[in-house]
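Asker: Here is a sequence with its predicted model. Questions after.
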Amino acid sequence: MRIPGAGILKGLRQTARNYWAPKVTNQYPESRPTMPDRWRGRLDLIYDPFGEHKCEVCFQCAQVCPVEAIDMSGFDSTGRRIRYGLPEIYDERQDPNAYRRAGLPAEPMRNAARWDQEIDTPWLHGVIDGFGGRPEALVAIFSAVEQRYGYLPERALREVSERMSIHWAQIFGAAGLGGFRLLPADGHLVTVCTCAACRFAGGEALLEALRADLGVSPGETTADGAISLATSDEVAAGALSPALRIDTMVYGPLTVEQGRHVVAERRKAPARTKAAAGKAS
Amino acid sequence: MSFTTDGNGNGRGAPLRPEDYVPIWPMVPGTRKITVTINGEEVQAEEGQTILQATRVLGIDVPTLCYEPKLAPYGACRICVVEVEGEENTPISCGTQIEEGMVITTHSDRLVENRRMVLELIFSDHDAYCLPPCQFKCPTRVDIPGYLKQNTLGNWEEATRILKRSLPFPAILGRVCPAPCETHCRREEVDTAIAIRDSHRYCADRVLEVDAPAPTPWPKEPDSGRRVAVIGSGPAGMSAAYYLQLRGHHCDVYEADPEQGGMLRYGIPAYRLPKEWMDRELNHVWELGATFKPNMRLGRDFHVADLLEQGYDAVYVGIGCYKSNEMGIPGEDADGVVNALENLYNSSRGVEIPALKDARVVVIGGGFTAIDCTRTSIRQSAAEVTLVYRRDLKDMPAQDEVHEAIEEGARVIFQAAPVRIITDSKNKVTGVEFQRMHLGEPDEKGRRRPEPMPGTEFTVSCDTVLGAIGQGPELSWIDSEPGEIRAQLETSRRGTLVSEDDIFRTGLPKVFASGDVRAGATTVVEAIGEGRRASYAIDYWLRGHDLDDPQVRRIVSEPQPSFLTIVPFTDDVKEPKAVMGKLGPEERNRSFGEYEHGYTGDQAMAEAARCLQCTCEAIGHCDLREAAIEYETTLNMAIDERSIQDNPYVGVNHGYGRDETHSFILRDYSRCIDCGRCAQVCKDIVGAGCYDFIGKGFDSLVTTADFVSLNETPCVSCGRCAETCPVGALMPRPRTLETYQLDMSRCIFCGICADACPYDALRCGPEFEFSEYQRDLPMLDILEMSDRERPTR
Amino acid sequence: MSDSSTGLSPQIRILPGGDQRLLAEIGIVDPTSLESYRKAGGYAGLARAVRKLGPEGTIDEVAAAGLRGRGGGGYPTADKWRAARAAPGDGKVVVANLIGADPTALGDRALAEGNPHLLLEGVLVAAFATGASDAIIAVRRDWTVAIERLRAAIADAEAAHLAGYLVMGTDFSCVVRVWEGAAALVAGEETALLAALAGDRGMPVIRPPYPTERGLGGAPTTVQNGETLAHAAWIARNSAKKFRAIGSKEAPGTKLVSVYGRVAEPGLVEVALGTPLSGILAFAGGGTGTTKAVFIGGPGGGALTAKELDTPYDYASLHAAGAGIGLGQFLVADGDTCMVDSARFFLDYSAREACGKAVPCRIGTKRLVETLDRILVATPRPNDLLLLRELARKMTDTALCHLEARAPGPMLTTLDRFPDEYRAHAERGECLAGACRTSPQPPLLAPLAGL
């Protein structure tokens, strides 16, 4: 049933109710409502008691901003201008190099000896994926890389770091402790075992003889680049002591004469070159 | 960074105390309480706590270097070891959970030895140092690299402010100090030492020249309502009054003479220290509100007992040494034997001394007083002046000035001692008989003892003899004190007033004494240093601390570890030392005016720039240094006796470089102690993982992979590593904000930025809208905005 | 690269004689064949444990046998298993430690290469007893033959339902994996091994919590030396009573000992615990010269003189003598061996292999080496000999891991037993053994303290 004018009354009732109701409009900014403590209002920079900005220009806020809304710049103690960068130069922001992130030109510091080695990326990915990319497989992956290249090339380590999402420093630290070679050896790598068994079976005399023969100390390479001499406790010669390892082959037990002979023989054989190492499977 | 905010963006201003950092425990309410015994006392701890957490809550101090409260215990430093009954070895407290009924000892000889062993091992491979040797050798411990750095910038006022933190009168000391600092300067290893004294003379002079209130090292504290009577307005007394006044205690300075300065005024000739210039600097004490009471001699015009009756809360005795020692030879009472101090006293007041005019003068002694007497005599137009010293030139305390005295015409005889004074029938001096000395075996101080050689006597004929073989304090006033006070003021065999080391308290609890009256006649800089240190002890006492508390004693005594000097500075470019201009000997012979001109501004800046700044930036907040002081690991491979190695573990050590490439974090690997805190924080809290242990064995170091610059790592410049570093291996470098722009068209008000800020410098404020901005104006400069509408509530 | 008669790498030579128990089957059983192993009675132990004894029963059996850890610590195996079993938590893990921290110890390698199934059986028995559903065999990365054979053995066993899911038709499941570990001394340390297994740099972690409470991935973890596990398999198969048939009362059973140094026949021998040292020396054909001393336990052990050769080879006696059983290293030194130089060698090894975490270990071992260097060339500082003992004592007191605590062992024992050699070196630069090429120095004016 329709009653004429009912709609108007209904509307007037609403008007009347609101007319008498308390006003909720605040005269901002003269009077300010109490906001909840965790109200996320406008961003403020906070001052310290000396009236200086507390901001240390660390770019943390810009870094975490999910919508890339913050850009900031400042000066460091040497007067160098640093800037986080506009969101338009998105690539720069994502760069791990702080120089480039700040829009400055920078040459990366690379250890050329380690960096020059080209690596077989698909092969390495295959190795990593073969272990399921689990962090525990790090040593095994290093092992495989060392097996192939004779040391751990930096590009390979970077690739491992990236693919396995392990921090670069951690990769480097683990490789250092695990007894891996971080630098390539020129020519054949002759490793004389210095473990207790070899030492007490005459390993010292063997090392002395080789040192005299080659004219180099452990850690050095002969002038012609054919032989790099090294020592290690980890040849694991066991009953073969005294022993030495040339590249990956363990020889022992050796008398001094035999040791010199073996090294002299191997010296004639062509050493694995860097290019060959890259291609070999 | 150590300031809290009140939520309105304004710092409350109160620095956080160390106890504010103690982790709040229990983390889980309702944890079971357990009873354990720590150091013989039964205490309550909570289940799940480690021993270290429990001791921290209980306020028991267990040292640690690698413990980071935010992370799981790591156990690399091994100095938080404790003894637990029933355990064979000493477990580390940060990793051992506390259990019901444990009997724990946190301090014992065995633990101290173990901790000291670890610290000494760390130091044996710690290619760093806390204080530079110059600062270490200065009795006032003035921050020498600090003020020199300001000098290089020409900030004379700031430099003076730094100086005045521990040396209230840099202009005075710039003229009269024997500069023990300069003999230990590391610049010596490159070319020649820095002119430290001349440099602070220059900057302090510049400040004195301008007619403005003197800079104070820190704002004067509000009046504490305490009153201190300072007896003596010499270097010790004025220094004590200066710092007491700054601390808000009112000082009345009593002086026997009509004018201030004590020995500075009456013992040091004007050609070395112009008196009006000295007054200018000493007046800083009165500017701070102290009251000067001249012509009040202790024992004549007032007594210590009177002061105590008048309600002074403390009395400081700094009356110096005014009694000349007697030579103890026949004829000392003859006419023509002049008291050296009296002579200086009179001539510095401008009185002409008839006994010196046109006389042949013999000065006996080798200290500063003897030299001053010699040079004063020349200026008093003596006919001939002879200085006689019983040791050699190199043993002479005032050896630098000897050459100047010779230039001015004095004659110097070494290795001779007086036997008797020859007089005529009227008891008038006609000469002095000397005996040659030869130097015997060195005594424990390293000075060779002179021994007489019989049969080598010779005579120097003269009219006047000045004996300047040392002074002692005048302590006859003690006898005029009432009995109970007299009984408690003790004098030593050397005739000095006895007060305790470090806290300078005499037998009377309210009476303190330091300076020459306690130590015997020393240098001005010693006296100023002693005055300042006594003022700190008095301040602690007036604030209600117990001076017998070992903690307070340790703070007041300002202990310093001394470290291995294994830093060869040989690569620096050699620059000559700047030399001050001075008058020629002919002119200065006749004048009591100051003869050294001082530096020009450029010279002072150039000289300051030669400083190698061999100081540690982290000196104030280095846990290692604190532990080293507590466990007394003084590794004296010290500067003066280079062959002695107190650290038994000294061996090969690493000299790593310093990485300054990163604009926010300064890294000094040499200071790294391999605690691993930065690596953990960076990996587990920040998630950047810039650091790890690199290498193996002795050569392992916590650093970036392959030692690359931090710029090459995923470093987010948060500074948390520098914050957690217990030593100075990682330090934030200050940066200043230039622009801070927020893109309003993107901002979603999520507040993550404010959460992420490690410095609490950013917040989501209570203002809920940007009424004056529009979304289509993309960039909003918050910096400019916050400067404009700075919250003032 | 394998020896045809035993199927082992040429690095491992098994000496005839001794009380062969674990080694008995090597050379008889084909390491690559599951059938061959089963024919020799293999997996009967596992079957007995799974079907008859039950987990608690297995632990009781091991307890009754009195088996103790063969990795050097000598901790009762049953106690460890019980703790791991009792610890709350899912996904418990058994880790077989075949890192062989010291490359001179050959026992684990011989087992892994010569009889991988025995090792695997031991792992499974331990997993069953502790309630673990995962097992990891951590092998030193350069033992390629061992890794290959273990992997093959696991595959074979899984195919025969002896490992993996639902072992032997019961509801016991255990997935066994082989993990390649670093070739480093510290990598064999229990907690360092777990850290490396988690993908971190393999550095020791503070204990407690012990791995049996919270280990790999937070789960209770039993880390057990490979040889111990092989013994456990043997016990499960042959009963505790038989196990106790040889060996001493406190330490029953056998131990694999690697004898090397100045002996006629260096190699690996299995002896009953409690065998006198002279007996072990005899298995290796005796010393090549006049035997002066034996270093037992490698870098963490100590030296005993020729006069002490009747000392029984067991935990308590060696510990009392200042040495340790270690991984079974048994180094024989003759009259031409300088004891000071030997002590320096072992310390230097420890110093080079330090992980760098704990300060006393990183710097302390280096300082000990430097001190010995000074003594060797007769330029000691006045208190150097005192310093050796002091520093060694404090290092042991504050140690993070047992490697650090035991590192000064060879130095301390030689210092006790051969003071003359130290004195001759320190005061005159003279080597009594005639081995060191140091030039004699003029004698010191003041006698040295500490001897």
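Answerer: Everything's here; your move.
Asker: list the contacts for B:L737?
Answerer: The neighbours of B:L737, taking CB atoms under 8 Å, 6 or more residues apart in numbering or on different chains as the test, are A:45, A:53, A:55, A:57, A:72, A:74, B:783. Quick note: C-beta positions are derived from backbone N, CA and C, even for glycine.
Asker: biggest helix in chain B by residues?
Answerer: Of all the segments of type helix in chain B, defined by DSSP state H, the longest one is helix B:524-542.
Asker: Show me what it is packed against.
Answerer: Packed against helix B:524-542, as judged by 3 or more CB pairs under 8 Å, 6 or more residues apart in numbering or on different chains; DSSP states H and E, are the following elements: helix B:170-176, helix B:235-246, strand B:314-317, strand B:511-513, helix B:516-519, helix B:550-556.
Asker: Among these, which comes closest to chain C?
Answerer: If you check each of these against chain C by CB to the nearest CB, helix B:550-556 wins as the nearest, at 24.5 Å.
Asker: Rounded mean pLDDT for that closest one, please.
Answerer: Helix B:550-556 shows a mean pLDDT of 76.
Asker: Not counting its own residues, what contacts it?
Answerer: By CB under 8 Å, 6+ apart, helix B:550-556 touches B:502-503, B:533, B:536-537, B:540, B:545-547, B:629-630.
Asker: How far away from the center of its chain is the longest helix of chain B?
Answerer: For helix B:524-542, the distance from its own C-alpha centre to the chain's C-alpha centre is 11 Å (CA atoms, centre = their mean, to the nearest Å).
Asker: With stretch A:131-150 instead?
Answerer: With CA atoms, centre = their mean as the basis, the distance from the averaged C-alpha position of stretch A:131-150 to the chain average is 15 Å.
Asker: which of the contacts of helix B:550-556 are buried?
Answerer: Using 16 or more other CB atoms under 10 Å in any protein chain shown as the burial test, the contacts of helix B:550-556 include B:502-503, B:533, B:536-537, B:540, B:547, B:629-630 as buried.
Asker: wait, which of those residues is closest to chain C?
Answerer: Minimum distance to chain C across those is 16.9 Å, recorded for B:E630 (CB to the nearest CB).
Asker: What sits closest to that closest one if chain neighbours are left out?
Answerer: Taking CB to CB, 6 or more residues apart in numbering or on different chains as the measure, B:E630 lies nearest to B:P63, with 6.7 Å between them; neighbours along the chain are not counted.
Asker: got the contact list for the one you found?
Answerer: Residues counted as contacts of B:P63 (CB under 8 Å, 6+ apart) are B:79-80, B:115, B:623, B:626-627, B:630-631.
Asker: which residues touch the residue of the stretch 101-250 of chain C found nearest chain A?
Answerer: Checking the stretch 101-250 of chain C residue by residue against chain A with CB to the nearest CB singles out C:G199 as nearest, at 2.5 Å. C:G199 makes contact with A:134-136, A:138, A:166, A:170, A:174 under the criterion CB under 8 Å, 6+ apart.
Asker: Which residues of chain C lie near chain B?
Answerer: For chain C, the residues in contact with chain B under the definition CB under 8 Å from any CB of the partner chain are C:184, C:201, C:203, C:205-208, C:351-360, C:362-367, C:370, C:381, C:383, C:387, C:390-391, C:394-400, C:405.
Asker: one more time with 6 Å, if that's ok
Answerer: Proximity of chain C to chain B, by CB under 6 Å from any CB of the partner chain, involves residues C:201, C:206, C:351-352, C:354, C:356-360, C:363-364, C:366-367, C:370, C:387, C:394, C:397-398, C:400.
Asker: Let me have the contacts of helix B:550-556 in CSV, extended by distance to B:D443 and pLDDT.
Answerer: What follows is these, written out as CSV (distance: CB to CB, whole Å; pLDDT from 0 to 100):
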residue, distance to B:D443, pLDDT
B:D502, 26, 83
B:I503, 29, 87
B:R533, 27, 90
B:Y536, 33, 90
B:A537, 31, 91
B:Y540, 36, 89
B:H545, 39, 85
B:D546, 38, 85
B:L547, 34, 84
B:I629, 30, 77
B:E630, 33, 79
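Asker: What segments of the stretch 351-451 of chain C are helices?
Answerer: Assigned helices in the stretch 351-451 of chain C, in chain order: C:359-362, C:364-376, C:384-397, C:402-406, C:409-417, C:419-423 (criterion: DSSP state H, counting those that start in this stretch).
Asker: Give me the three-state assignment for the residue positioned nearest the centre of chain B.
Answerer: The structure's chain B has its C-alpha centroid closest to B:R141; by CA atoms, centre = their mean the separation is 1.9 Å. Using DSSP: H, G, I helix; E, B strand; the rest coil, the structure places B:R141 in coil.
Asker: shouldn't it be in contact with B:L163?
Answerer: No - between B:R141 and B:L163 there is no contact, the gap being 11.5 Å when judged by CB atoms under 6 Å.
Asker: So the residue in the stretch 51-200 of chain A positioned nearest to chain C versus A:A156, what's the distance?
Answerer: Residue nearest to chain C within the stretch 51-200 of chain A: A:P135 (2.5 Å; CB to the nearest CB). As for A:P135, its distance to A:A156 is 16 Å (criterion: CB to CB, to the nearest Å).
Asker: any weak-confidence spans in the chain?
Answerer: No chain in the question, so chain A it is. Per-residue confidence of chain A (counting by pLDDT under 70) places the weak regions at A:1, A:28-29, A:37, A:78, A:86-109, A:271-281.
Asker: I was thinking of chain C, sorry if that wasn't clear
Answerer: Segments of chain C classed as low confidence (criterion: pLDDT under 70) are C:1-6, C:438-451.
Asker: Please report phi then psi for C:E180.
Answerer: Recorded main-chain torsions at C:E180 are phi -90, psi 120, according to degrees, to the nearest 10.
Asker: Now do the contacts for it.
Answerer: Applying CB atoms under 6 Å, 6 or more residues apart in numbering or on different chains to C:E180 gives the contacts A:139-140, A:143, C:141.
Asker: Tell me how many other residues crowd B:G328.
Answerer: Counted with other CB atoms under 10 Å in any protein chain shown, residues neighbouring B:G328 total 9.
Asker: What distance do you get for it to chain A?
Answerer: According to CB to the nearest CB, to the nearest Å, B:G328 and chain A sit 61 Å apart.
Asker: Could you do C:D310 as well?
Answerer: C:D310 sits at a distance of 23 Å from chain A (criterion: CB to the nearest CB).
Asker: That residue contacts C:T275, correct?
Answerer: No - applying CB under 6 Å, one finds C:D310 not in contact with C:T275, separated by 10.6 Å.
Asker: between those two, which one's more packed in?
Answerer: Each of C:D310 and C:T275 had its neighbours counted (other CB under 10 Å), and the higher figure belongs to C:T275 (23 against 9).
Asker: Leaving out chain neighbours, which residue sits closest to that one?
Answerer: Distances taken as CB to CB, 6+ apart place C:Y313 nearest to C:T275, at 5.1 Å, with adjacent residues excluded.
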